[in-house]
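Engineer: Mind looking at a prediction? Sequence and model below.
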Amino acid sequence: MKELLLAAITSLSPVDIECVAKNVYFESRNQSHLGQMAVTHVVLNRVVDDRYPNTPCEVVYQGPTHPSGFPKRHKCQFSWYCDGLSDVPINREMWLQSVDIAIQAISMYESGYDVTEGSTHYHTYRVYPNWRHSLTKTMQIDDHIFYRWE
């Protein structure tokens, strides 16, 4: 079943690639190349996991919304999307790097290489979310600690 779901990732639309790149930009642009790839692999691991939405954009923008359609503040899966700040990348160089890393990470993932060992969650070492106790820690890369379901 997972192979079938992975096959769907190979046909990512430009919009989905942009969603992944925005997540890289806003979640990890200050991290190493490997750390940015790991953030991408978490999104892709969620896409292939039945507990999450089926496309990268749906995964990245997952969370409750107001009737207006705007996300509820601080209730999203990825904090940048519902922090109340602009979601438009302003640093062109970092944005282009985020797009490049997203494409590289997607290609690696399609080839069967996941730097996170199946992780579907991460958080910065500065916070202590309650959900971390119900998952298995896989690794720490830069400022992020990664976890997966068992």
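Structural biologist: Noted; the coordinates are in hand.

Engineer: the helices in this structure, which residues?
Structural biologist: Remark: helices assigned in the chain by DSSP state H are 2-9, 14-28, 33-47, 56-60, 92-110.

Engineer: which stretch among the ones you listed comes nearest residue 138?
Structural biologist: Residue 138 sits nearest to helix 33-47 of all the helices of the chain, at 9.6 Å, using Cβ to Cβ. (Each C-beta comes from the backbone N, C-alpha and C, glycine too.)

Engineer: ends of stretch 72-88, how far apart?
Structural biologist: 18 Å (Cα to Cα, to the nearest Å).

Engineer: From residue 61, how far off is the nearest residue to residue 52 once chain neighbours are set aside?
Structural biologist: Sequence neighbours aside, residue 46 is the residue nearest to residue 52 in space, at 3.9 Å (criterion: Cβ to Cβ, 6 or more residues apart in numbering). To residue 61, residue 46 is 12 Å away according to Cβ to Cβ, to the nearest Å.

Engineer: now do residue 120
Structural biologist: Distance, residue 120 to residue 61, by Cβ to Cβ: 16 Å.

Engineer: out of the two, which sits in the busier spot?
Structural biologist: Comparing residue 120 with residue 61 by other Cβ atoms under 10 Å, the one with more neighbours is residue 120, at 24 against 20.

Engineer: pLDDT value on the more buried one, please?
Structural biologist: pLDDT recorded at residue 120 is 97.

Engineer: Contact partners for it?
Structural biologist: Residues counted as contacts of residue 120 (Cβ atoms under 8 Å, 6 or more residues apart in numbering) are 42, 45-46, 49, 51-52, 135, 147-149.

Engineer: Name the residue closest to the centre of the protein, please.
Structural biologist: Among the residues of the chain, residue 43 comes closest to the average C-alpha position under Cα atoms, centre = their mean, at 3.5 Å.

Engineer: residue contacts, it?
Structural biologist: Here residue 43 is in contact with 20, 23, 56, 59-60 (Cβ under 8 Å, 6+ apart).

Engineer: go with 6 Å
Structural biologist: 20, 23, 56, 59 (Cβ atoms under 6 Å, 6 or more residues apart in numbering).

Engineer: Mark which of those residues are buried, thanks.
Structural biologist: 20, 23, 56, 59 (16 or more other Cβ atoms under 10 Å).
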